[in-house]
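[1] Mind looking at a prediction? Sequence and model below.
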Amino acid sequence: MSNANQFNQPLGGNDMPRFAGAGTMMRLPQQATAEGLDACFVGIPMDIGTSNRTGTRHGPRAIRAESAMMRPYNMATGAGPFAKMQVADIGDVAINTFDLKKTVDIITAAYDEILKHDVVPLTLGGDHTLSYPVLRSIAKKHGPVALIHVDAHSDTNDEMFGEKIAHGTPFRRAVEEGLLINDKVFQIGLRGTGYEPGDFDWGRSQGFTVIQAEDCWHKSLTPLMEQIRSQIGGAPCYLTYDIDSLDPSIAPGTGTMEIGGLTTIQALEIVRGCKGLNLVGGDLVEVSPQYDTTGATAMIGANLLYEMLCVLPKVWV
């Protein structure tokens, strides 16, 4: 089907001022479940897994607010996702804001329900803990997945303050539970200080490819994405994008900033470089609007989620 009139459309700026109308992602229609959808936006408003600055519980709402300026067609890539797919905002997961371990199980159960439908969920975070319970559900449907992980931090700690579940541990837990195809895991943008020289080496020891931020400086990441696509091939793939992968001069609205980060141009090259992959889900995490005085961080997050939508397989069939 290619007739856009058959599918939900974002509310246009000539129909309702951009500062008004629905508070959904891109002012799309909202529905209670993922039934009948090809892709959906879903929020996980949590920050109880964070180790430094809080505020990511407000990330989904801020991302949705900043998405109001976005239009349906991607003028750079030619993608018109709302002409090819049925998309809606299905609201937020009702987490337990007092109990992180219960919240992890709540998230997995919520995504089990979402994935009963033939839908690709794109998640508005929320702290990075959420990727672990989402991947648990994704793996039930698709089996172990390839992973493109864009971040300043490896998030492969064994523990944080004696706890196994936190925003610095999700990919250690994912490996332990067999949720990932380890030799098809790519971590891009890692940087900053560490506790010991080998802080980024645990992933390498598991088969991950680690591309530190310094290896990305002053260059296009399009060639890197060509290599990543060739190595992932047709395997189901999950894309997780931590907004702190970007330099803090660009995206200050996050909890654990590190200098020397990626640019928005490189961010676009990474996400657009996922075209052709079998993306089965994605998330954008760690937007903390209380430190985002201009809204720029949430705006970047909204645009990157839209770019994820634009590279889903059904857009290009």
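    Alright, I've got the coordinates.

[2] show me the contacts for Cys274.
    Ile148, Met225, Arg229, Cys237, Leu239, Met308, Val311 (CB atoms under 8 Å, 6 or more residues apart in numbering). For the C-beta atoms, the positions are set from N, CA and C on the backbone; glycine is no exception.

[3] Please list all residues in contact with the fourth one.
    This means Cys237. Val145, Ala146, Leu147, Ile148, Lys184, Cys274, Leu277, Asn278, Leu279, Val280.

[4] What about those, which are in strands?
    Val145, Ala146, Leu147, Ile148, Lys184, Asn278, Leu279, Val280 (DSSP state E).

[5] before we move on, the earlier item: just give me the closest of the contacts of Cys237 to Asp15.
    Leu279 (30.4 Å; CB to CB).

[6] what's the pLDDT at the nearest residue to Val280 once chain neighbours are set aside?
    Distances taken as CB to CB, 6 or more residues apart in numbering place Pro236 nearest to Val280, at 4.6 Å, with adjacent residues excluded. Looking at Pro236, its pLDDT is 98.

[7] My guess is Pro236 contacts Gly282. True?
    No: at 12.0 Å, Pro236 does not count as touching Gly282 under the criterion of CB atoms under 8 Å.

[8] quick one, which of these two is more surrounded?
    Gly282 (27 against 20; other CB atoms under 10 Å).

[9] so what's the more buried one bridging to?
    Leu122, Leu239 (DSSP bridges).

[10] Would you agree Gly91 falls within a strand?
    Yes: counting by DSSP: H, G, I helix; E, B strand; the rest coil, Gly91 falls inside a strand.

[11] Could you check the pLDDT of it?
    98.

[12] Export the host helix or strand of Ala83 to CSV, keeping only CA atoms.
    Here Ala83, judged by DSSP states H and E, is contained in helix 81-84. Provided in CSV are the C-alpha atoms of helix 81-84 (Å, rounded to 0.1, in the frame of the first residue of the first chain):
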residue,chain,number,x,y,z
PRO,A,81,7.3,6.9,6.3
PHE,A,82,3.7,8.0,6.8
ALA,A,83,2.9,7.2,3.1
LYS,A,84,4.1,3.6,3.7
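
[13] List the buried residues for that helix?
    Neighbour counts using 16 or more other CB atoms under 10 Å place Pro81, Phe82, Ala83, Lys84 of helix 81-84 among the buried residues.

[14] Put together CSV for the residues you listed, with distance to Glu214 and pLDDT on each row.
    Output for these, formatted as CSV (distance: CB to CB, whole Å; pLDDT from 0 to 100):
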residue, distance to Glu214, pLDDT
Pro81, 34, 98
Phe82, 39, 98
Ala83, 40, 97
Lys84, 38, 96
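
[15] Spatially central residue for the protein, please.
    Asp283 (1.9 Å; CA atoms, centre = their mean).

[16] mind checking how far the nearest residue to that one once chain neighbours are set aside is from Ile107?
    Of all residues beyond its chain neighbours, the one nearest Asp283 is Thr123 (3.8 Å), with distances taken as CB to CB, 6+ apart. Applying CB to CB, to the nearest Å, the value for Thr123 to Ile107 is 9 Å.
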